[in-house]
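Undergrad: My questions concern the predicted model and sequence given below.
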Amino acid sequence: MSGLPIEYVMPDWDDYLDTGFDFINDSFSVPVDGAPQRAYLHEIMGDETPYDGILVSLNQIEKKKGALKKYGITGAEKSIRQIMRIPDRIKVIGDCGAFSYKDAEQPEIDPVQAAKLYNDYEFDYGASVDHMVIDEITIVNEKGEKEKHTLSEDEKCQRVKITIENAKAFIEEVKKKGYKFTPLGSIQARNAKEYADVFDQFIQMGYRQVALGSLIPKDDETIREIITAVGERYRKLDSEIRSEVGIHLFGILRPALFGIYKENGVASFDSASYFRKAWLKSDRNYLSTEGKWYAAIRVPQTELARNSKALAKSGYDLASVKELERDVLTSLNSFDEKTDIDHLLNKLIKYDSYFERTSDGGEKLREAYRKVLTDRPWEKCSCSICKSIGIHVLVFRGYNRNKRRGFHNTYVFYHSYNGGMAYEHK
C-alpha cells in the first residue's frame with residue numbers, strides 16, 4: 001500500500017445513504033422493488049471519493065453489523081467488492097476486529113478460518129489474527145458481575161505471543177493454499193522496542209505488509225517512539241526488501257505525526273475521525289475548505305420516541321412543538337442572503353429550548369449559529385455533497401444529513417492532507 005503522500009483508508013461503519021432522501025419534506029425515498037435506495041460514499045462521490053481504501057472487519061459476520069452482516073462463514077456468494085460495490089481503484093483491506101474480542105483470553109477467530117474468509121470474499125489485503133495489548137479489560141467475576149481487570153505484564157506478554165503464533169500460522173496457510181490476497185501482519189507489543197522486534201520477526205516470516213495495532217489509546221509521543229523504533233528496523237532492511245514493505249497504522253489519525261510517516265515506512269493509516277466529528281462535537285461538526293470548524297445547526301426530530309417522550313414528560317404540547325419544528329425546517333430550506341438571521345436564530349433557539357440542552361439561555365448556540373449562517377461555508381465548498389444539498393449539510397438531524405456532513409469533512413481532510421497540510425482536528 002503506497003500513495004502520495006500516504007494512503008488514507010476509511011473503516012466501514014455501514015456508511016450508506018438514502019440517495020433519494022427528500023430534504024425539503026424531510027422524508028425517505030420510496031423503496032424500489034422492495035429495497036431501499038441506498039448508496040455508499042464511493043458511489044455518491046465517484047472520482048472525488050476521499051479515501052484510497054476501505055477497511056472491513058470479519059467480526060461483522062458474528063456481530064451482524066456492517067457490510068458482511070447478512071453473510072456467513074461457510075463461503076461467500078459475492079466478493080466484498082461486489083457487496084459494497086467498490087470500484088477497482090479503491091483497495092479493500094480486511095481485519096479480524098480485535099477490539100470486539102479484547103476482553104477474551106483468546107481471539108474469537110483462528111488463522112485458518114480468517115485466511116479462508118479473506119480469500120472467499122476476495123479481499124485485496126487480509127490481516128493476521130491479533131490480540132490487543134492494552135492496560136485494562138472487562139471480565140465477569142465469580143458473581144457473574146462485570147468488572148475492570150488490569151492486565152499484568154505476563155498477560156500482555158501472552159497476548160504478544162498469541163499474536164506472533166497466529167501470524168506465523170496465518171501466512172503459512174496463505175502460502176499453502178495459494179490464496180490470492182496479500183497477507184498483512186498485525187503487530188501487537190508492549191513497548192516501542194518490542195514493536196520493532198516483532199516487526200523483524202514478521203519480515204522474516206515473509207510479510208511485506210504489516211500493521212501496528214493498539215495505538216488508539218496512546219499519546220502522540222508514545223506513538224512517535226513506536227513508529228521511529230520500527231522505522232529504524234525498516235531502514236536497515238535490504239533495499240530490495242525495503243522497497244516491497246509497507247506499514248499500516250490501525251485506527252489512528254495523528255496529523256502532528258504526518259511528517260515522520262514516510263521516512264519510517266508508514267504507507268497507510270485508517271481512521272473515521274473526521275467523519276464522526278460531524279455529530280460527536282457540539283461546536284466542531286463541519287470543516288470548511290479554509291480549515292475552520294463550525295457548529296452544525298441542531299434541529300432534533302420530535303418523531304423520535306425518546307424525544308416525544310421527553311417532551312411529553314416536560315409537559316409541552318407536542319403539536320405546538322411539531323409546528324415550530326416544521327417552521328424551522330421551512331426557514332432553513334429557504335435560507336438565502338435576504339434572510340433575517342436574527343429572526344431565524346430566535347426560532348432555532350426557541351425550538352432548541354424545548355430539549356433543555358443549554359444552561360445559558362442559548363447564547364452560546366446563538367453565537368455559534370450566527371457564525372455559520374453569516375459565513376455560509378457550504379457555498380464555498382466544491383464537493384458534490386455541499387453543491388447538491390446546500391445548507392442541509394449543516395443541519396444536525398438524522399443520518400442522511402449527519403453522515404453527509406461527515407463525508408464532507410472527510411473530503412476536506414483528504415484533500416488538505418494530500419496537499420501536505422492537514423487541519424488540526426482535536
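TA: Ah, there it is. Quantities reported herein were computed from a predicted structural model and do not represent experimental measurements. Numbers count the residues shown, from 1 in each chain.
Undergrad: Can you tell me which helices and strands the longest helix anywhere in the chain packs against?
TA: Assignment by DSSP state H gives helix 153-177 as the longest helix of the chain. Taking 3 or more CB pairs under 8 Å, 6 or more residues apart in numbering; DSSP states H and E as the contact definition, the neighbouring helices and strands of helix 153-177 are helix 111-120, strand 182-187, helix 192-205. C-betas here are computed from N, CA, C, even on glycine.
Undergrad: Which of these sits closest to P255?
TA: helix 192-205 (20.8 Å; CB to CB).
Undergrad: what sits up against the closest one?
TA: When contacts are taken as CB atoms under 8 Å, 6 or more residues apart in numbering, the neighbours of helix 192-205 outside the stretch itself are 160, 163-164, 167-168, 171, 185, 187-189, 210, 212, 222, 225-226, 228-230, 232-234, 237, 241, 245.
Undergrad: and what of stretch 25-32?
TA: For stretch 25-32, using CB under 8 Å, 6+ apart, the contacting residues are D18, T19, G20, F21, D22, P36, Q37, L329, R397, G398, N400.
Undergrad: of the residues you listed, buried ones?
TA: D18, F21, L329, R397, G398, N400 (16 or more other CB atoms under 10 Å).
Undergrad: where in the protein is pLDDT low?
TA: 1-5, 33-36, 64, 72-76, 356-359, 418-426 (pLDDT under 70).
Undergrad: could the helices and strands packed on helix 153-177 be laid out in TSV, adding mean neighbour count and distance to A98?
TA: Conversion of these to TSV gives the following (neighbours: other CB atoms under 10 Å; distance: least, CB to CB, whole Å):
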stretch	mean neighbour count	distance to A98
helix 111-120	21	11
strand 182-187	26	7
helix 192-205	19	15
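Undergrad: what about the ones you listed, which gets the closest to P87?
TA: Judged by CB to CB, the one of the helices and strands packed on helix 153-177 that comes nearest to P87 is strand 182-187, at 18.7 Å.
Undergrad: Starting from that closest one, tell me which strands it pairs with and how they run.
TA: With DSSP bridges as the criterion, the sheet partners recorded for strand 182-187 are strand 125-127 (parallel), strand 209-212 (parallel).
Undergrad: So which elements touch the following helix or strand past the longest one?
TA: Scanning forward in sequence from strand 209-212 by DSSP states H and E, the next helix or strand is helix 220-236. Using 3+ CB pairs under 8 Å, 6+ apart as the contact criterion, the secondary-structure elements in contact with helix 220-236 are helix 192-205, strand 209-212, strand 246-249, helix 258-261.
Undergrad: The residue nearest to F250 when sequence neighbours are not counted and A98, how far apart?
TA: Counting by CB to CB, 6 or more residues apart in numbering, the nearest residue to F250 once its immediate chain neighbours are dropped is G213, at 4.8 Å. Look at G213 and A98: by CB to CB, to the nearest Å, they are 7 Å apart.
Undergrad: Likewise for R397?
TA: If you measure R397 against A98 using CB to CB, the figure is 34 Å.
Undergrad: surely D95 meets I54?
TA: No. With the criterion set as CB atoms under 8 Å, D95 and I54 do not qualify as a contacting pair; they are 11.4 Å apart.
Undergrad: So for these two, which sits in the more crowded spot?
TA: When D95 is set against I54 and neighbours are counted by other CB atoms under 10 Å, the residue ahead is D95, at 29 against 26.
Undergrad: Report the beta-bridge partners for the more buried one.
TA: Note on D95: beta-bridge partners by DSSP bridges are S57.
Undergrad: ok, now which ones touch it?
TA: For D95, the set of contacting residues under the criterion of CB under 8 Å, 6+ apart consists of L55, V56, S57, L58, A127, L184, S186, A211, F250.
Undergrad: Next secondary structure element downstream of the host helix or strand of K387?
TA: K387 is part of helix 384-389, with elements assigned from DSSP H and E. Read in the C-terminal direction, the helix or strand following helix 384-389 is strand 395-396, with elements assigned using DSSP H and E.
Undergrad: after that next one, next one along is what?
TA: Counting by DSSP H and E, the element after strand 395-396 in chain order, helix or strand, is helix 398-418.
Undergrad: Only the buried residues of that next one, if you could.
TA: 398-414, 416-418.
Undergrad: and if you look at stretch 346-357?
TA: If you call a residue buried by 16+ other CB under 10 Å, then stretch 346-357 has these buried ones: K347, L348, I349, Y351, D352, Y354, F355.
Undergrad: Between those, which sits nearest P377?
TA: Of all the buried residues of stretch 346-357, L348 has the smallest distance to P377: 17.3 Å, by CB to CB.
Undergrad: Which helix or which strand is home to that closest one?
TA: L348 is part of helix 341-353 when elements are defined by DSSP H and E.
Undergrad: Next: L332.
TA: With DSSP H and E as the test, L332 turns up in helix 318-333.
Undergrad: How about the contacts made by the residue lying closest to L344 once chain neighbours are set aside?
TA: The shortest distance from L344 to any residue other than its chain neighbours is 5.3 Å, reached at S331 (CB to CB, 6+ apart). S331 makes contact with T339, L344, K347, according to CB under 8 Å, 6+ apart.
Undergrad: and the closest residue to P11 other than its chain neighbours, backbone torsions?
TA: What sits nearest to P11 in space, not counting adjacent residues and going by CB to CB, 6+ apart, is L55, at 4.6 Å. Note on L55: its backbone torsions stand at phi -100, psi 120 [degrees, to the nearest 10].
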